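>>> based on what follows, work out the 3D shape:
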Amino acid sequence: MTSKHAALIEPIRDASRKMVRELGFMRPTLANTNFSPSAVHAIVEIGAQGSMTASELSSILHLEKSTISRMLRKLIKAGELLETVDKKDTRVKRLSLTRKGVVSLSKINNFARKQVAEALEPLSAEKASKVLEGLSTYAKQLEASQSQCSAVKHGVVTEASDARSPDLGELVAALDEFLNRVCGAERNHGSPIERLAQDDTQMFVARCAGKAVGCAGLQVFDDGSAEVKRMYVLPNFQGKGIGRQLLERVEEAARASKVEVLRLETTELLTEAQALYRASGFVPCQAYGPYTKNPINLYFEKFLSGT
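The predicted model follows:
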């Protein structure tokens, strides 16, 4: 492949290899701990999120579930992690740091901050800012170009799903954790699994190479309207067109059910979700149904012609 940046490729590869070596990733353990680099990253990511599922961690670290499972068993046995049953779905297990894990995270962070501080110390403020800008841009582009999955490049499959399937349960639990953390539990009106399993609701899961990476649902009402339910894509797979693909599948199901108007609830904090809805033809509307009693979020609707 010919690149307009051909002259920069080898120097960037060389710099990347040096960074990997100097940061210690070639060693069996990392950050002055007894843990492997992947285990250190697991502790950092779980600590940053508060809690997460093994599936979410697998997505973030780009590791197979079997590799993640072995690593997590070792961290749990070492007393670094605690595995608990999700309060809303007993089939889903969540991981969080123990007190020992919190101490380990603090040591890892202190070690890493010292590494960065010592490397930046000789630089001027302007050059240090350029380091941040360059690394951030490069990391973002690597994520975009080397993501495990792309709806366009790898053909994500969107399929109907049993609401009680473990894969869907993990996705819904991840969505709840995200909404509660970002928006607050009082603004999370998501339906529980038991409600999603009712006859008036259809659920869909997006899969990449068999892995469940996103979900969405459709609840149909007797008045000719319907609502988009539990729309979510795992963080590492966002920005790849998967959300749009799920929304199109939901709309397709709505048309098949002769739905006249499709509605959804979101919040002002989820700007990317709003952009997707607007681009898909949804427009702001008044609170509807159960939300009229306490309309604290944002509401969108789309009238479906030719249904």
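>>> just so I have it, where are all the strands in the stretch 51-200 of the chain?
Per DSSP state E, counting those that start in this stretch, the stretch 51-200 of the chain has strands spanning 81-85, 93-97, 157-161. These are given in chain order.
>>> which neighbouring elements make contact with the second one?
So that's strand 93-97. Contact partners of strand 93-97 among helices and strands, from 3 or more Cβ pairs under 8 Å, 6 or more residues apart in numbering; DSSP states H and E: helix 37-49, helix 54-61, strand 81-85. C-beta: built from backbone N, CA, C; applies to glycine.
>>> of the ones you listed, give the one that comes closest to Asn110.
Of all the helices and strands packed on strand 93-97, it is helix 37-49 that lies closest to Asn110, at 12.3 Å by Cβ to Cβ.
>>> what comes up buried for stretch 215-222?
Within stretch 215-222, the residues that qualify as buried by neighbour count (16 or more other Cβ atoms under 10 Å) are 215-220.
>>> can you tell me the closest non-neighbouring residue to Val40?
Residue nearest to Val40 in three dimensions, not counting chain neighbours: Leu30, with 4.5 Å by Cβ to Cβ, 6 or more residues apart in numbering.
>>> list the contacts for the one you found?
The contact partners of Leu30, by Cβ atoms under 8 Å, 6 or more residues apart in numbering, come to 24, 36-37, 40.
>>> farthest pair within those residues?
Across those, the two members that end up farthest from each other (Cβ to Cβ) are Gly24 and Ser36, 11.2 Å apart.
>>> Leu196: which of the buried residues of stretch 215-222 is nearest?
Leu196 lies nearest to Gly217 out of the buried residues of stretch 215-222, by Cβ to Cβ, at 5.9 Å.
>>> pretty sure that closest one contacts Gln198?
No. In this structure Gly217 lies outside contact range of Gln198 using Cβ atoms under 8 Å: 10.6 Å.
>>> please report the distance of Leu218 from Ala256.
10 Å (Cβ to Cβ, to the nearest Å).
>>> likewise Val20?
For Val20, the distance to Ala256 equals 51 Å [Cβ to Cβ].
>>> what does Thr67 give?
Taken as Cβ to Cβ, the span from Thr67 to Ala256 is 40 Å.
>>> sort out which of the contacts of Leu30 are buried, if you could.
For the contacts of Leu30, a neighbour count by 16+ other Cβ under 10 Å gives the buried set as 24, 36-37, 40.
>>> quick one: which of the helices and strands packed on strand 93-97 is nearest Glu227?
It is, among these and with distance given as Cβ to Cβ, helix 54-61, at 25.7 Å.
>>> which helices and strands does that closest one pack with?
So helix 54-61, by 3+ Cβ pairs under 8 Å, 6+ apart, packs with helix 37-49, helix 65-77, strand 93-97, helix 166-182, strand 211-220.
>>> any idea which of those is most buried?
Using mean count of other Cβ atoms under 10 Å, the stretch among the helices and strands packed on helix 54-61 with the largest mean neighbour count is strand 211-220, at a mean of 24.
>>> alpha carbons of it, as CSV, please.
As requested, C-alpha coordinates have been extracted for strand 211-220 and formatted as CSV (Å, rounded to 0.1, in the frame of the first residue of the first chain):
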residue,chain,number,x,y,z
LYS,A,211,-18.8,-11.7,19.8
ALA,A,212,-21.8,-9.7,21.1
VAL,A,213,-20.7,-6.1,20.7
GLY,A,214,-24.0,-4.1,20.7
CYS,A,215,-27.8,-4.4,21.3
ALA,A,216,-31.1,-2.6,20.8
GLY,A,217,-34.7,-3.4,21.1
LEU,A,218,-38.2,-2.4,20.0
GLN,A,219,-41.3,-2.3,22.2
VAL,A,220,-44.6,-1.9,20.2
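>>> for Thr292, see how far away the residue nearest the centre of the chain is.
To find the centre residue of the chain, average its C-alpha atoms and take the closest one (Cα atoms, centre = their mean): that gives Pro235, at 2.1 Å. Remark: distance between Pro235 and Thr292 (Cβ to Cβ) = 32 Å.
>>> output the below-cut-off pLDDT ranges for the stretch 1-150 of the chain.
With pLDDT under 70 as the threshold, the stretch 1-150 of the chain has low-confidence stretches at 1-2, 88-89, 91, 143-150.
>>> can you rerun that using 50?
Counting by pLDDT under 50, the stretch 1-150 of the chain contains low-confidence residues at 1, 148.
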